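Peer 1: Fold the following.
(one chain, ligands or ions: 1)
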Amino acid sequence: MILHINCMIIILVTSSHGNVHIVLCIPFNERADTATKAALSLPVTSMKLPASESKPCTSRFCLEEWQDIWNSAANNKFHAVYPTVGKCVHSNLVSHRDAVIVNRLKIVHSRLTHSYLLSGEDQPICTKCDTVLTVKHILLDCPELRDVRLKYFTASSLKDIFESVDNQSIIGFIKDAHFYYQL
Ligand SMILES: [Zn+2]
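Peer 2: Numbering: from 1, shown residues only. Below is the predicted model of the structure:
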């Protein structure tokens with residue numbers, strides 16, 4: 001196993017007994033790749049570490065790799081909603097239903113606003129202002145929901161809402177606006 005941690009390349013070898021051997025630890029620079037390959041032919045040291053020592057490093061390394069991959073998909077609409085991988089964002093939601101609602105709002109895709117795609121019906125219209133009904137319309141744009149919206153949050157974009165508004169406030173608004181059981 002090769003780890004890149006805090007500008008260091010650490011090469012670990014795990015034996016069949018679960019012991020982890022540090023083979024080489026070198027600064028990470030433009031020559032690291034060459035040095036890493038050369039290190040693979042070096043003898044394994046006898047220094048042993050419990051496998052548990054490597055677990056935090058391995059987890060961190062995997063998260064960093066995962067984050068790099070996710071960052072390269074910045075055009076994915078979910079990236080704006082979940083910019084950080086491995087992070088639980090619904091810890092303050094008490095019910096599964098609340099979490100489902102917030103998730104649907106974050107992907108701007110709900111039963112109320114998108115079921116017409118499967119049913120073949122016309123796209124839903126906001127009964128309050130006769131505009132196409134979308135998640136953005138509900139959370140940001142509908143002028144008829146302005147007063148109830150102001151009771152819970154002010155925001156200039158969906159990204160702003162999901163980054164700065166507490167999930168409980170979003171759920172409170174959705175309930176007050178009578179969309180909770182429709183989304
Ligand atoms: Zn409206």
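Peer 1: where does this structure come near the ion, residue by residue?
Peer 2: Cys126, Lys128, Cys129, Cys142 (CB under 5 Å from the ion). For every residue, glycine as well, the C-beta is placed using N, CA and C.
Peer 1: okay, and for this protein, where does confidence drop off?
Peer 2: Residue ranges of the chain with pLDDT under 70: 1-33, 35-36, 45, 77, 80-81, 87-93.
Peer 1: Strands of that one, residue ranges please.
Peer 2: Using DSSP state E, the strands of the chain run over 2-5, 8-14, 20-27.
Peer 1: follow-up on the earlier one: in JSON lines: the residues of the chain next to the ion, plus distance to Asp166 and neighbour count.
Peer 2: Listed next are those as JSON lines, based on distance: CB to CB, whole Å; neighbours: other CB atoms under 10 Å:
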{"residue": "Cys126", "distance to Asp166": "25", "neighbour count": "17"}
{"residue": "Lys128", "distance to Asp166": "25", "neighbour count": "14"}
{"residue": "Cys129", "distance to Asp166": "27", "neighbour count": "13"}
{"residue": "Cys142", "distance to Asp166": "21", "neighbour count": "19"}
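Peer 1: any idea how the chain splits into domains?
Peer 2: 2-72, 87-176 (automatic domain parsing).
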